[in-house]
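Sequence and computational prediction follow.
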Amino acid sequence: MRMTFRWFGTGFDSVPLRYIAQIPGLHGVITTLYDKQAGETWERSRIRSLKDDCAEYGLALDGIESVNVHDAIKSGLPSRDEYIEAYIATLEALGEEGVDLVCYNFMPVFDWTRSDLAKRRPDGSTVLAYDQAVIDSLAPDLMAESVGRGSGGFALPGWEPERMARIRELFELYRDVDAERLFANLVYFLDAIMPTCRRYGIRMAIHPDDPAWPVFGLPRVVTGEESLLRLMRAVDDPHNGVTLCTGSLGSNPGNDIVGTIRALEGRVHFAHVRNLRHEAPGKFEEAAHLSADGSFDMYAFMKALYDTGFSGPIRPDHGRTIWDERAMPGYGLYDRALGCAYLSGLWEAIGKASRG
Ligand code: DNO
């Protein structure tokens with residue numbers, strides 16, 4: 001594996017690259033052109049300057065998270081073919097610059113959903129939290145407003161104000177899209193981009209739905225092992241792979257993440273490894289990365305990745321906000337840097353133990 005850190009780019013991220021470069025054992029960053037809306041084509045020159053920014057601090061550009069997929073593609077509008085062309089042009093620009101990993105999601109309207117962006121824990125740290133009862137009591141447009149208010153002034157990934165302003169219109173788009181149609185639209189999209197991915201060696205890594213069940217009545221198709229394997233079979237090309245996000249899959253305690261990692265051997269191209277604390281069905285809060293702080297056995301996840309020969313980028317995910325840091329919820333420096341050190345430690349120990 002290669003240890004990486006998500007970075008939103010100069011002007012968007014509170015954490016400068018020069019700090020990220022000081023995290024021990026870091027190979028590179030996972031980043032994006034954060035000002036690009038879904039459907040826009042990325043210019044090669046901007047990708048090159050992103051790469052140069054990273055190289056200045058000795059960091060590789062290990063992948064893009066995300067090249068977002070336009071709702072016309074997800075909902076299957078006739079205009080989807082134009083948007084797919086634009087997506088392909090972006091993949092070509094990335095491929096020309098040697099970028100070979102793209103994370104994306106296929107969630108309608110919203111990306112990840114949380115009911116609280118700063119739930120206070122007894123030690124004074126704050127975390128992202130989810131409570132289905134709170135979500136059920138909120139209309140989707142109020143949800144978007146409350147996420148905006150809780151973001152501390154940062155633009156949150158997946159909750160772009162430009163899109164959220166059109167939320168009713170977006171919901172309308174999906175009125176007749178059930179899970180089967182959404183899945184078919186995903187397969188249509190992947191079939192269309194696979195030749196470009198093969199030409200440039202770009203590995204697509206779909207991010208699971210978060211949480212791993214339908215919210216606000218919108219369909220979800222990437223919720224666990226069965227749906228992931230179905231997708232791998234439907235587009236049976238190694239360039240069609242997965243972002244193994246333990247926090248998203250693990251939102252459903254019924255998901256056997258270790259089993260899923262093993263079942264997806266060879267198709268896990270990227271890993272987000274984080275911990276959650278389950279409180280009740282449909283109710284959880286995020287935790288520090290250590291097993292002891294949450295509900296997950298983090299060692300078991302890392303061991304399964306190790307045993308299946310995982311060699312892609314891995315990153316800690318959503319940290320707690322600690323030490324009075326002012327940062328985008330989940331994306332401060334401190335707790336994620338602790339996460340990097342911990343996950344690197346587990347990997348070193350697993351490697352040494354397995355070599356005897
Ligand atoms: C949340 C992230 C997601 C993820 C996208 C991938 O913090 O894990 O926003 O980047 O779903 O497209």
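Yep, it's here. Numbering: from 1, shown residues only.

does whatever residue of the stretch 201-350 of the chain ends up closest to the ligand have beta-bridge partners, and which?
Nearest residue of the stretch 201-350 of the chain to the ligand, counting by CB to the nearest ligand atom: His207, 3.7 Å away. To be clear about C-beta, it is placed using only N, CA and C from the backbone, and glycine gets the same treatment. In this structure, His207 bridges to Asn105 when assessed by DSSP bridges.

Just the pLDDT at Leu170, thanks.
The predicted local confidence for Leu170 comes out at a pLDDT of 91.

Tell me which helix or strand the closest residue to it other than its chain neighbours sits in.
Residue nearest to Leu170 in three dimensions, not counting chain neighbours: Val109, with 4.7 Å by CB to CB, 6 or more residues apart in numbering. Take DSSP states H and E as the rule and Val109 turns out to sit in neither a helix nor a strand.

follow-up on the earlier one: ok, how many other residues are close to the residue of the stretch 201-350 of the chain closest to the ligand?
Using other CB atoms under 10 Å as the criterion, His207 is surrounded by 23 other residues.

now swap in Tyr87 and tell me
Applying the criterion other CB under 10 Å, we find 27 residues in the vicinity of Tyr87.

Doesn't it lie inside a helix?
Yes - read with DSSP: H, G, I helix; E, B strand; the rest coil, Tyr87 is one of the residues of a helix.

how about the nearest residue to it, chain neighbours excluded?
The shortest distance from Tyr87 to any non-neighbouring residue, by CB to CB, 6+ apart, is to Ile193 (6.3 Å).

Confirm for me that Arg46 is in contact with Leu33.
Yes - counting by CB atoms under 8 Å, Leu33 is a contact partner of Arg46 at 5.8 Å.

what touches both of those two?
Common neighbours of Arg46 and Leu33, using CB atoms under 8 Å, 6 or more residues apart in numbering, do not exist here.

what does the stretch 151-300 of the chain put close to the ligand?
Taking CB under 6 Å from any ligand atom, the part of the stretch 151-300 of the chain that reaches the ligand is made up of Pro157, Gly158, His207.

With pLDDT as extra columns, can I get those in a markdown table?
Compiled in a markdown table, these are given as follows (pLDDT from 0 to 100):
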| residue | pLDDT |
| --- | --- |
| Pro157 | 86 |
| Gly158 | 83 |
| His207 | 98 |
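
ok so, going back, these two touch, right, the residue nearest to Leu170 and Pro140?
Yes - using CB under 8 Å as the test, Val109 is close enough to Pro140 to be in contact (7.4 Å).

Need the residues touching each of these two.
With contacts taken as CB under 8 Å, 6+ apart, the residues that reach both Val109 and Pro140 are Ile167, Phe171, Phe216.

residues contacting the residue lying closest to Arg181 once chain neighbours are set aside?
Take Arg181 and drop its neighbours on the chain: the residue closest to it by CB to CB, 6+ apart is Gly76, 6.3 Å away. Residues near Gly76 by CB under 8 Å, 6+ apart: Val177, Arg181, Ala184, Asn185, Tyr188.

just checking, the fourth one is part of a helix?
Put plainly, it is Asn185. Yes - Asn185 forms part of a helix when assessed by three-state DSSP.

helix or strand for the nearest residue to Ile88 once chain neighbours are set aside, which one?
Nearest residue to Ile88, sequence neighbours excluded (CB to CB, 6+ apart): Thr196, at 5.1 Å. Under the assignment given by DSSP H and E, the secondary-structure element containing Thr196 is helix 179-200.

what does that helix contact?
Contacts with helix 179-200, where a contact means CB under 8 Å, 6+ apart, come from 69, 73-76, 80-81, 84, 87-88, 91-92, 94-96, 100, 106, 108, 177, 202-204, 206, 219-221, 227, 230-231, 234-235, 237, 239-240.

Give me the buried entries from those residues.
Burial by neighbour count, 16 or more other CB atoms under 10 Å: within those this picks out 69, 73-76, 80, 84, 87-88, 91-92, 94-95, 100, 106, 108, 177, 202-204, 206, 219-221, 227, 231, 235, 239-240.

Which residue, other than its chain neighbours, is closest to Met328?
Closest residue to Met328 apart from its sequence neighbours, by CB to CB, 6+ apart: Phe154 at 3.9 Å.

now do Leu77
Once its chain neighbours are removed from consideration, Leu77 has its nearest residue in Leu173; the separation is 7.2 Å (CB to CB, 6+ apart).

doesn't Ser75 make contact with the one you found?
Yes - using CB under 8 Å, Leu173 and Ser75 qualify as a contacting pair, with a distance of 4.4 Å.

Mind listing the shared neighbours of these two?
Common neighbours of Leu173 and Ser75, using CB under 8 Å, 6+ apart, are Pro108.

check contacts around the most centrally placed residue in the chain.
Among the residues of the chain, the smallest C-alpha distance to the mean C-alpha position (CA atoms, centre = their mean) belongs to His207, namely 5.2 Å. Contacts were defined as CB under 8 Å, 6+ apart; by that measure His207 touches Glu65, Ser66, Cys103, Tyr104, Asn105, Val222, Thr243, Cys245, Ser248, His272.

The residue nearest to the fourth one when sequence neighbours are not counted: neighbour count?
Sequence neighbours aside, Ser66 is the residue nearest to Tyr104 in space, at 4.9 Å (criterion: CB to CB, 6+ apart). By other CB under 10 Å, the residues close to Ser66 number 20.

one step back: of the contacts of helix 179-200, which belong to strands?
Among the contacts of helix 179-200, the ones falling in strands (DSSP state E) are Arg203, Met204, Ile206, Asn240.
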